[in-house]
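# Quick check, what structure comes out for this input:
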Amino acid sequence: MALVKDLLAYRNTHPVCVSPNDTVLHALQVMAQENIGAVLVVEGHKVLGIFTERDYARKGEIAGRTAAHTLVKEMMTSELISVTPKTSLEECLKLMQTYHIRHLPVVDGERVIGILSMRDVMEAVLKERESEIVGLENYIIGSSFQM
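Model prediction:
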């Protein structure tokens, strides 16, 4: 069973962060530059929340706020569900499904070491399952099992 630490080692990425006092426009520019859908909101070494494309879609222009004049802290999601490097990818999927979220910060102690998207986790789980299927097929083909 694959763990978060395995996926992080494979991806070798760093969490992208913004300040709660940055404008939403700045956060959107960072997300566009990095080609990602979420940034962590940090102050010093403390994670205060997450800002996602969904936050902007639901709390931005539709609510009468402009990206250039609104601070990230006014739109971010502050209630975070996070995982550790030892969390299984299956558990990550369950958390995402249960809480209807698409991003999971990865914390080691009090330090954030990464962030996983639903796509990252799904691709890794599917790859693991495909590998298991190939292993089982090879076992069956190599055995004396006859149909």
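# If I look at residue 63, what pLDDT would I see?
pLDDT for residue 63: 90.
# Correct me if wrong: residue 53 contacts residue 31.
Yes: contact status for residue 53 versus residue 31: in contact at 7.1 Å, counting by CB atoms under 8 Å. No exception for glycine: its C-beta is placed from N, CA and C like everyone else's.
# so what sits against both of these two?
Contact criterion CB atoms under 8 Å, 6 or more residues apart in numbering; residues bridging residue 53 and residue 31 by contacting each: 37, 38.
# Name the residue in those two with the higher neighbour count.
Between residue 53 and residue 31, residue 31 has the larger neighbour count (other CB atoms under 10 Å), namely 19 against 14.
# what about the closest residue to that one other than its chain neighbours, which helix or strand?
Spatial nearest neighbour of residue 31, excluding adjacent residues (CB to CB, 6 or more residues apart in numbering): residue 39 at 5.9 Å. Using DSSP states H and E, residue 39 maps to strand 38-43.
# who does that strand touch, helix- and strand-wise?
For strand 38-43, the packing partners by 3 or more CB pairs under 8 Å, 6 or more residues apart in numbering; DSSP states H and E come out as strand 17-18, helix 24-34, strand 46-52, strand 111-117.
# and it with strand 111-117, angle?
Angle, strand 38-43 to strand 111-117, by axes from the mean of the first three to the mean of the last three CA atoms, to 10 degrees: 160 degrees.
# what's next to strand 38-43, contact-wise?
Residues outside strand 38-43 that contact it (CB under 8 Å, 6+ apart): 15-20, 27, 30-31, 47-53, 72-73, 76, 102-103, 105, 112, 115, 117.
# buried sites along the worst-scoring helix or strand of the chain on mean pLDDT?
Within the chain, no helix or strand scores below helix 118-142, which has a mean of 82 by mean pLDDT, DSSP states H and E. Neighbour counts over helix 118-142 (16 or more other CB atoms under 10 Å) mark 118, 120, 121, 124, 125 as buried.
# Just checking the distance from that helix to the centre of its chain.
22 Å (CA atoms, centre = their mean, to the nearest Å).
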